[in-house]
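Peer 1: need coordinates for the below:
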Amino acid sequence: MRIVFLLPMGIERPSGRRYFQIARELVQQGNTVRLLALHPDLQTCNQRRFIQDGVEVWYVGQMHARKSTSVPSRFGAFALLKILIGATLGMVWGIICSPADAYHLGKPQPVNGLAAIIGVMLLRRQRFYVDCDDDEVGSNRLNGRWQRVIFRFWQWFLPRIASGVTVNTQFQAGQLRQASLKHIVYVPNGVDLQQTTRPPEDVMAALRHQLGLTDGRTIAYAGTLALHNHPVDLLLAAFAELAHTNGGINLLLIGGGEDLPVLQREVEGLQLGDLVYFTGQVPHHRVRDYLALAVVSVDPVVDDVVARARSPLKVFESMALMVPVVTGDVGDRAVVLDHGHAGILVAPGDVAALAAGLQQLLADEPLRIRLSEAAYVRVQQYGWDRLAKQWQTVYEN
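Peer 2: Prediction:
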């Protein structure tokens, strides 16, 4: 079967990893897969067509923001309009050059949505599929009301004209079923169980030295530093409470994002500068090395649509590394963590509850060991090879 993904991001981005991993496993199952994607910094992209792990990757345009450094830069209004038009036309051209049995949109967004309507429906006279892995309105930084209206329309419209929809949370599935959509396949996020392993001790020691980490216990967060959809400030407040009563702990924030400078200033304001470490943007394959330095990782959330609609990669990767997770009881997180048997669930958006959950793990080494072992057993159900088989059923039906 020939499958083409239409992605409004690059495979280097955290959201792009979902589609690359699924594509790689679909290739292993005997399919031919091509990704038509948008690059985070097209000007510096020297290789716009290549094959990685059997997956064809074509970069056909620029993403809506330049995300090549720890702090992304945004384009002005006219430059952005030019980029969006160019990206849409590039994706239509990619569709014309890519005959396929199935076209699948990664995220229901304007660029790949319009390209699918023009290229797939009008030119190829075929239907397409859509993957909903987020609340697109809440998870993107949309400053204008008109931007939110546009994103909300495409998120509503595209699943309704698709042949089938894949989703990564039961919340998304429930929302679509309420809209009377029938052909929905649930495929949560997962982890590459073969590659997500703890690095050797000498590598971890070198990383600690590079970061200047003390010998204390490390709490880690891995993800985008963007406060509109990742409330890392909630974690900072909880860590500040812990730091006053616990010696020998530090916090490692892995990743970059628009609010990196904001969080750095907040750290200084809380007088935590010698206890909080920022890695900045790191390649995805290195995230697990940093994450393995921790005795506990955190997925800070509030109870909103963004959190309910998200299946966080960081949770699965932590479980595979045997680093116990503390997170808010929102969406599918309770199911993933086996209702508290494979991690700590706390009240979402509650600083005191998050601090208490972290304190519980920091103070109880036998509990950390028990939860990390249970998490490793639990995460075996979320290998990408299994999930790709679930994904393929959307085409079979």
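Peer 1: helices or strands up against the helix or strand encompassing residue 387?
Peer 2: Assigned by DSSP states H and E, residue 387 falls within helix 384-396. For helix 384-396, the packing partners by 3 or more CB pairs under 8 Å, 6 or more residues apart in numbering; DSSP states H and E come out as helix 14-28, strand 164-167, strand 184-186. All C-beta spots, glycine's among them, are computed from the backbone N, C-alpha and C.
Peer 1: what average pLDDT does it get?
Peer 2: When pLDDT is averaged over helix 384-396, the result is 96.
Peer 1: go through it and flag the buried ones.
Peer 2: Buried residues in helix 384-396, counted by 16 or more other CB atoms under 10 Å: 384, 387, 388, 391, 392, 394, 395.
Peer 1: neighbouring contacts of that helix?
Peer 2: With contact meaning CB atoms under 8 Å, 6 or more residues apart in numbering, helix 384-396 is reached by 1, 3, 21-22, 24-26, 28-29, 31, 101-102, 129, 164-166, 183, 185-193.
Peer 1: one more time with 6 Å
Peer 2: The contact list for helix 384-396 (CB atoms under 6 Å, 6 or more residues apart in numbering) reads 21, 22, 25, 26, 102, 129, 164, 166, 185, 187, 190, 192.
Peer 1: coming back round to it: mean pLDDT, distance to residue 364 and mean neighbour count added to the helices and strands packed on helix 384-396, as a markdown table?
Peer 2: Listed next are the helices and strands packed on helix 384-396 as a markdown table, based on pLDDT from 0 to 100; distance: least, CB to CB, whole Å; neighbours: other CB atoms under 10 Å:
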| stretch | mean pLDDT | distance to residue 364 | mean neighbour count |
| --- | --- | --- | --- |
| helix 14-28 | 95 | 31 | 22 |
| strand 164-167 | 97 | 36 | 24 |
| strand 184-186 | 97 | 34 | 18 |
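Peer 1: quick one, helices of the stretch 1-150 of the chain?
Peer 2: With DSSP state H, counting those that start in this stretch, the ranges of helices along the stretch 1-150 of the chain come out as 14-28, 77-96, 110-115, 136-139, 145-161.
Peer 1: equivalent analysis for the stretch 251-397 of the chain, please.
Peer 2: Remark: helices assigned in the stretch 251-397 of the chain by DSSP H, counting those that start in this stretch are 260-269, 284-291, 305-308, 313-320, 333-336, 351-363, 365-379, 384-396.
Peer 1: quick one: the second one to chain centroid distance?
Peer 2: So that's helix 284-291. Its chain's C-alpha centre and that of helix 284-291 lie 14 Å apart, by CA atoms, centre = their mean, to the nearest Å.
Peer 1: same deal with the longest one?
Peer 2: Here helix 365-379 shows a centroid-to-chain-centroid distance of 23 Å under the convention CA atoms, centre = their mean.
Peer 1: same for it, what does it pack against?
Peer 2: If you count contacts as 3 or more CB pairs under 6 Å, 6 or more residues apart in numbering; DSSP states H and E, helix 365-379 packs onto helix 313-320.
Peer 1: buried set for the helix it packs on?
Peer 2: Buried positions in helix 313-320, judged by neighbour count with 16+ other CB under 10 Å: 313, 314, 315, 316, 317, 318, 319, 320.
Peer 1: now the angle from it to helix 284-291?
Peer 2: Between helix 313-320 and helix 284-291, the angle comes out at 60 degrees (axes from the mean of the first three to the mean of the last three CA atoms, to 10 degrees).
Peer 1: between the buried residues of helix 384-396, which is nearest residue 307?
Peer 2: Distance to residue 307 across those (CB to CB) is lowest for residue 387, with 20.9 Å.
Peer 1: report the separation between that closest one and residue 192.
Peer 2: From residue 387 across to residue 192, the span is 11 Å (CB to CB, to the nearest Å).
Peer 1: show me the shaky parts of this structure.
Peer 2: When residues are selected by pLDDT under 70, those of the chain lie in 397.
Peer 1: returning to what we had before: could I get the helices and strands packed on helix 384-396 as TSV with distance to residue 272?
Peer 2: Compiled in TSV, the helices and strands packed on helix 384-396 are given as follows (distance: least, CB to CB, whole Å):
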stretch	distance to residue 272
helix 14-28	25
strand 164-167	38
strand 184-186	40
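Peer 1: these: which one's closest to residue 372?
Peer 2: Residue 372 lies closest to helix 14-28 among the helices and strands packed on helix 384-396, at 23.0 Å (CB to CB).
Peer 1: so which elements touch the closest one?
Peer 2: Judged by 3+ CB pairs under 6 Å, 6+ apart, the packing partners of helix 14-28 are strand 32-39, strand 55-62, helix 384-396.
Peer 1: hmm, who's touching that helix?
Peer 2: 5, 7, 9-11, 33, 53-55, 106, 189, 284, 384-385, 388, 391.
Peer 1: quick check on those residues: which are buried?
Peer 2: Buried members of the contacts of helix 14-28, counted by 16+ other CB under 10 Å: 5, 7, 9-11, 33, 55, 106, 189, 284, 384, 388, 391.
Peer 1: break the chain down into its structural domains.
Peer 2: Annotated domains of the chain cover 2-187, 201-382 [automatic domain parsing].
Peer 1: how far out from the middle of the chain is the shortest one?
Peer 2: Which is domain 201-382. Worked out by CA atoms, centre = their mean, domain 201-382 lies 15 Å from the chain centre.
Peer 1: contacts only, for residue 302.
Peer 2: 231, 348, 349.
Peer 1: which of those residues fall in strands?
Peer 2: Among the contacts of residue 302, no member is found in strands (DSSP state E).
Peer 1: quick check: the spatially closest residue to residue 267 that is not a sequence neighbour vs residue 324, distance?
Peer 2: Spatial nearest neighbour of residue 267, excluding adjacent residues (CB to CB, 6 or more residues apart in numbering): residue 276 at 4.7 Å. Per CB to CB, residue 276 is found 20 Å from residue 324.
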